[in-house]
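**Q** Sequence first, predicted model second:
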Amino acid sequence: MNSPLQLVWALGLMAIAIALSVWQKLGLEGKLAMATGRTVLQLSVVGYVLAIVFEFKNPLLVLLVVGVMLVVATIVARNRISQKIPRLIPLVGGSILTATALTLLYTNLLVFQPPSWYDPQYLIPLAGIVLGNAMNGAAIAGERLVSTLNSSQLEIETHLSLGATPQQAVAQYRREAIKAGLIPTINTMMVVGLVTLPGIMTGQLLSGVNPLIAAAYQAVIIFMLACATLMTTLLVTTGLCRQHFNQFAQLQLW
């Protein structure tokens, strides 16, 4: 979009949504209006910040932007998992950081090969989308695992009393949690291009990029998301399982 008038017309879509809410007496008008305002404000601020970062191409500025995204992703994931479990923030943050860093290192070295490792054109958007999906995977898997452990105390303690190690006693619950964290990503991979076109590919097509190139970029990104999300869920669930047992291999619930 090249003119403010186009954005105004786009806001008309939210005006229609608010009008529909009023018509159907849903009571969502306030939330829709607030969400619209926050979207415009937040994206405007981000746009100006990224314009500065892209202009200077300073590695410290690039890392600062990525660091802020990491902190926000960590807090959001931790809040969804539990606020009672001790040392959960470093566990979640470390897991997301490790998975994101390894995924970006691989793709930057072997796939995209940017002029410099801190090139904001590559690092910031790729880190943002990977962090977002790793956050969701960590939150879903962690929440599922904690909930299952809390509701399966008798079964776990029975396994322990029969000689199972803590890892053996919760192995099935951990696998199920990891699968739950991967479901959104796998579902997207199964129908991509058939049912829906992902946002990144759609944006590239709207900007005039060759469809084959857009499809190739989208494939790489989806593979990145699958790898990073799986690594994150593996690390988070491993840490959570350890958090739920003391030094005497006794189950402790939070």
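**A** Received the coordinates, thanks.
**Q** A164: neighbour count?
**A** If you count neighbours by other C-beta atoms under 10 Å, A164 ends up with 15. Where C-beta positions appear, they are placed from N, C-alpha and C, glycine not excepted.
**Q** Residues touching the helix or strand of the chain at the bottom of the mean pLDDT ranking, excluding its own?
**A** Using mean pLDDT, DSSP states H and E, the weakest-scoring helix or strand in the chain turns out to be helix 199-206, at a mean of 81. Helix 199-206 is contacted by residues 129, 197, 211, 213-215, 217-218, 221 when judged by C-beta atoms under 8 Å, 6 or more residues apart in numbering.
**Q** so where do the helices sit in the stretch 51-200 of the chain?
**A** Under the criterion DSSP state H, counting those that start in this stretch, the stretch 51-200 of the chain contains helices at 59-81, 88-107, 120-151, 153-161, 166-169, 171-191, 199-206.
**Q** pLDDT wise, what is the nearest residue to A177 once chain neighbours are set aside at?
**A** Take A177 and drop its neighbours on the chain: the residue closest to it by C-beta to C-beta, 6 or more residues apart in numbering is L145, 3.8 Å away. L145 is assigned a pLDDT of 96 by the prediction.
**Q** for L145, what are its contacts?
**A** Contacts of L145 by C-beta under 8 Å, 6+ apart are 173-174, 177, 237, 240-241.
**Q** Which members of those residues are classed as buried?
**A** 173-174, 177, 237, 240-241 (16 or more other C-beta atoms under 10 Å).
**Q** what would these look like in TSV with pLDDT?
**A** Compiled in TSV, the buried ones among the contacts of L145 are given as follows (pLDDT from 0 to 100):
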residue	pLDDT
Y173	96
R174	96
A177	97
T237	97
L240	95
C241	93
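**Q** which one of these is nearest S21?
**A** Lowest distance from S21 to the buried ones among the contacts of L145 (C-beta to C-beta) belongs to A177, with 36.2 Å.
**Q** Residue ranges in the protein under the pLDDT threshold?
**A** Applying pLDDT under 70 to the chain flags residues 1-3.
**Q** can you list the domain ranges for it.
**A** 1-56, 57-243 (automatic domain parsing).
**Q** Name the stretch among those that sits most buried.
**A** By mean neighbour count, with neighbours taken as mean count of other C-beta atoms under 10 Å, domain 57-243 ranks first of the domains of the chain at a mean of 17.
**Q** can you give me the end-to-end distance of that domain?
**A** Counting by C-alpha to C-alpha, to the nearest Å, you get 41 Å between the two ends of domain 57-243.
**Q** Got phi/psi on the residue lying farthest from the centre of the chain?
**A** Within the chain, L162 marks the point farthest from the mean C-alpha position, 38.6 Å out by C-alpha atoms, centre = their mean. With angles defined as degrees, to the nearest 10, L162 sits at phi -90, psi 10.
**Q** What's the first helix or strand after the least confident helix or strand of the chain?
**A** The helix or strand immediately downstream of helix 199-206 is helix 211-243, counting by DSSP states H and E.
**Q** So what angle separates the directions of the helix or strand where L41 lies and helix 120-151?
**A** In this structure, L41 is located in helix 29-56 according to DSSP H and E. Comparing the axes of helix 29-56 and helix 120-151 via axes from the mean of the first three to the mean of the last three C-alpha atoms, to 10 degrees yields an angle of 140 degrees.
**Q** ok, the closest residue to G132 other than its chain neighbours - contacts?
**A** The shortest distance from G132 to any residue other than its chain neighbours is 6.8 Å, reached at A73 (C-beta to C-beta, 6+ apart). Listed by C-beta under 8 Å, 6+ apart, the contact set of A73 reads 96, 131-132, 134-135.
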